[in-house]
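Peer 1: Give me coordinates for this.
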Amino acid sequence: MRPLTLIAALSLVLAAPLALAQSTCQAKQHEIERQLDFARLHGNTQQAAGLERALTENRRHCSDARLDREQHDKIVKLQQKVRQRETELHQAERDGRPDKIAKQRRKLDEAQTELRAAQRAAG
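Peer 2: Sure, this is the predicted structure:
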């Protein structure tokens, strides 16, 4: 992989959490534009073309109300996941198997972490 391509790929990976945390269409558009400028600066035409398509789609289809609804739906889904993990943990505790209990605790912790992150992103 070329060094510039690697740098561009890393910048996208590192910027992804920031883009996810931003909850408005304008913020998403700004992040895409920033990445597009970086791609153009480093002569990455394929990446720039993809980002231009993403920017066009953002301008055409994005609405803040839709983003809010999607975030709310994600939180509801994660709340259901936490409840399911709690049920699985209680079942493992009833069975009395330490290995299963530890596994279910880890899964519950992961689900709770995901839920907290989604709730923080929603504001």
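Peer 1: so which strand or helix has residue 121?
Peer 2: helix 98-122 (DSSP states H and E).
Peer 1: again with residue 80
Peer 2: Per DSSP H and E, residue 80 falls inside helix 64-95.
Peer 1: mind listing what's buried in that helix?
Peer 2: Within helix 64-95, the residues scored as buried using 16 or more other CB atoms under 10 Å are 67, 71, 74, 75, 78, 81, 82, 85, 88, 89, 92. The C-beta positions use only the backbone N, C-alpha and C, and glycine is treated the same way.
Peer 1: Turn these into a markdown table, columns for distance to residue 107 and pLDDT.
Peer 2: Listed next are those as a markdown table, based on distance: CB to CB, whole Å; pLDDT from 0 to 100:
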| residue | distance to residue 107 | pLDDT |
| --- | --- | --- |
| 67 | 28 | 87 |
| 71 | 23 | 93 |
| 74 | 18 | 96 |
| 75 | 19 | 97 |
| 78 | 13 | 97 |
| 81 | 9 | 98 |
| 82 | 10 | 97 |
| 85 | 5 | 97 |
| 88 | 7 | 97 |
| 89 | 8 | 96 |
| 92 | 10 | 95 |
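Peer 1: residues in contact with the nearest residue to residue 55 once chain neighbours are set aside?
Peer 2: Once flanking residues are discounted, residue 55 sits nearest to residue 32: 4.8 Å by CB to CB, 6 or more residues apart in numbering. Applying CB atoms under 8 Å, 6 or more residues apart in numbering, we find residue 32 in contact with 51, 54, 55, 58.
Peer 1: got the residues you listed as TSV, with distance to residue 24 columns?
Peer 2: What follows is the contacts of residue 32, written out as TSV (distance: CB to CB, whole Å):
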residue	distance to residue 24
51	18
54	16
55	15
58	11
